[in-house]
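Asks: Sequence and computational prediction follow.
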Amino acid sequence: MNIYLFPTELEAAPFRALRPTARVVISGVGLAATAATLAMLGREGSLVASRVVLAGLAGAYDERIAVGDVVEVVEERCAELPERFRRSYSVTPRTKLRHVGSNSVHLGAEGGEDAVIENMEGATLFAVAEALGFEACEVRAISNRVGEPFERWRTKEALEALAHALIEIDDGE
């Protein structure tokens with residue numbers, strides 16, 4: 001059974017409309033909120049025999065990733081940590097989507113270390129999945145180029161593409 005974890009209700013709404021019976025959990029935005037939500041799910045026993053699919057928007061560093069594309073993140077790192085504390089987390093690919101590396105950030109960071117996108121929650125998912133031993137998958141829709149003002153983001157288009165990609169993943173189980 002999949003648990004679909006979204007940072008915000010805005011990101012979840014198009015998927016909920018297409019799959020109203022799916023288990024959707026809103027984590028809140030950022031690393032700490034995601035960690036707290038995963039701790040709560042672990043405490044209640046929901047992570048046993050479940051796959052957590054973290055889904056939401058992301059910005060692209062790499063021009064080869066188009067706004068509106070949906071990708072699976074298979075490597076994450078907390079980009080804003082000093083280099084000596086930075087660690088990468090990797091998971092086995094779970095989908096046929098393009099596989100990418102990502103930086104989890106608070107305020108935005110430079111690309112590099114194979115990161116082609118950025119988000120605000122993914123490293124937490126991978127770290128907690130590694131610690132607790134549950135299956136994790138991260139799917140992101142590209143809404144913008146990193147650094148673009150919010151007014152230029154193509155949120156609606158990206159969220160529609162994300163919802164349809166998640167339906168394909170859900171149907172493929």
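Replies: Now that the structure is in, tell me what you want to look at.

Asks: Give the next helix or strand downstream of the helix or strand of the chain with the lowest mean pLDDT.
Replies: Here the helix or strand of the chain ranked lowest by mean pLDDT, DSSP states H and E is strand 115-119, holding a mean of 82. Going down the chain from strand 115-119, the next helix or strand is helix 122-132, by DSSP states H and E.

Asks: who does Ala141 bridge with?
Replies: For Ala141, the beta-bridge partners are Leu57, Val70 (DSSP bridges).

Asks: can you pull the contacts of it?
Replies: By Cβ atoms under 8 Å, 6 or more residues apart in numbering, Ala141 lies in contact with Ala55, Gly56, Leu57, Ala58, Gly68, Asp69, Val70, Ala158, Leu159, Ala161, Leu162, Ala165. Backbone N, C-alpha and C define where each C-beta goes, glycine included.

Asks: related to what we said a few turns ago, which elements pack onto the least confident helix or strand of the chain?
Replies: strand 51-60, strand 70-78, strand 98-104, strand 135-145 (3 or more Cβ pairs under 8 Å, 6 or more residues apart in numbering; DSSP states H and E).

Asks: Off-centre distance for it?
Replies: Taking Cα atoms, centre = their mean, to the nearest Å, one finds strand 115-119 lying 10 Å from the centre of the chain it belongs to.

Asks: possible to save the helices and strands packed on strand 115-119 as CSV with distance to Thr8?
Replies: Shown next, in CSV, are the helices and strands packed on strand 115-119 (distance: least, Cβ to Cβ, whole Å):
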stretch, distance to Thr8
strand 51-60, 7
strand 70-78, 17
strand 98-104, 16
strand 135-145, 12
